[in-house]
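J.: Just need the structure, nothing else, for what follows:
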Amino acid sequence: MLEFWLFVLATAGIYTIFSLGLLVQFGIAGLPNFGNGAFMAISAYAMAISVVNGLPMWAAAPVGIGAAVLFGLLLAIPTVRLRSDYLAVATIAAGEIVRYLALNLQELTGGAAGTVNLLGPGIAADYNSSWLRFQSGVRGLISNLVGQRVPSDVAFIAILWPVALLLLAAVWYMVRSPWGRTLRAIREDETAVAALGKDVFAYKLQAFSVGAALAGVAGLFFAWQVSSFSPDDFRPTLTFYAFVIVILGGKTNVWAVPVGAVLFAGIFAGTRFLDFWPLSVFASGDRAYLRLVLVGLGLIVLVIWRPQGIFGNRREDALET
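T.: Numbering: from 1, shown residues only. Just a heads-up that it's a prediction; the model follows:
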């Protein structure tokens, strides 16, 4: 049972950082980015490729985040002027382009085999050794403090969640600043904001970049957690899950993101173990797919009965519409 909850906390921490970027883009700035998983993928791949090619991990991590931000800017420049529905379609397409490039550029990304194939067929690539040594050191410190050996997931969570909380605090401060208030105004009526002399395009680029950077950080932690990943790990459903988390907690409430992430991770991971009737008539493998149905039904119920989310502000949502 402990291993399950450690997995839930680790997954929730990664999704907290990932969804926080979407909250800035969608909840605060009103930019429906359905390709946010592409930033996560680019950061993870850029870091792994850099390490395999000789760059130290602590230098490769900023490279990964920088690559995500650069792609975010390249994507935002031609798209953020689009109307929201067209922007959504364009970002979905961009996310799929990134995934299929990772799938087909085998010499660079390892192709369908993933990062284990970064050095080519027959040579198992390893980008995670430095991280595992660092994590092992943290694990030793925690073990000494509590007087017994702790699982490695405890060390991962002890690194991940302070970073997530620090980023939550930073974003909370940003969205309460004049910059954040300007983004909210743009979301509600960008014509009025432009009439006041604000550069709406520049503000949208900034929101997109912040979201890309946060997705990049999430991509790093995802890569460090799994040790090996492939293009299939960055399907469009990844961004859909982030939308579920943001809507679940309240799409303008920064501190609701970790609550939504923990609830989502618990439901998503826990539903595979449900064995009561009528779920017991399904095989265990089939029950794992039912979690998608349950998450979807839960979201539908939430949208009907509490569209502003668990901790959302109905008055602010009313202003948006």
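J.: Show me where the protein has its strands.
T.: Taking DSSP state E, the chain contains no strands at all.
J.: Which stretches in it count as helices?
T.: 2-22, 36-52, 57-79, 84-104, 106-109, 129-146, 152-176, 178-195, 200-226, 237-249, 257-270, 284-305, 314-320 (DSSP state H).
J.: Just put those helices in CSV and tack on mean pLDDT.
T.: Listed next are the helices of the chain as CSV, based on pLDDT from 0 to 100:
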stretch, mean pLDDT
helix 2-22, 91
helix 36-52, 95
helix 57-79, 95
helix 84-104, 92
helix 106-109, 89
helix 129-146, 92
helix 152-176, 95
helix 178-195, 93
helix 200-226, 95
helix 237-249, 88
helix 257-270, 84
helix 284-305, 70
helix 314-320, 51
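J.: Contacts only, for Leu160.
T.: Counting by C-beta atoms under 8 Å, 6 or more residues apart in numbering, Leu160 touches 10, 13-14, 221. Where you see a C-beta, it was placed from the backbone N, CA and C, and this is true even at glycine.
J.: Pro258 too?
T.: Counting by C-beta under 8 Å, 6+ apart, Pro258 makes contact with 12, 16, 164, 168, 249.
J.: Likewise for Gln206?
T.: Trp179.
J.: Distance-wise, check it relative to Ile17.
T.: 18 Å (C-beta to C-beta, to the nearest Å).
J.: Ile77 now?
T.: In terms of C-beta to C-beta, Ile77 sits 25 Å off from Ile17.
J.: quick one, which of those two is more surrounded?
T.: Neighbour totals were compared for Ile77 and Ile17, and Ile17 leads with 28 against 13 (other C-beta atoms under 10 Å).
J.: Next, count neighbours for the closest residue to that one other than its chain neighbours.
T.: Counting by C-beta to C-beta, 6 or more residues apart in numbering, Ile17 lies nearest to Ala218, which is 4.2 Å off, once chain neighbours are set aside. When neighbours are defined as other C-beta under 10 Å, Ala218 has 32 of them.
J.: Just to check, Ala218 is in contact with Thr11?
T.: No: using C-beta atoms under 8 Å, Ala218 makes no contact with Thr11, being 11.0 Å away.
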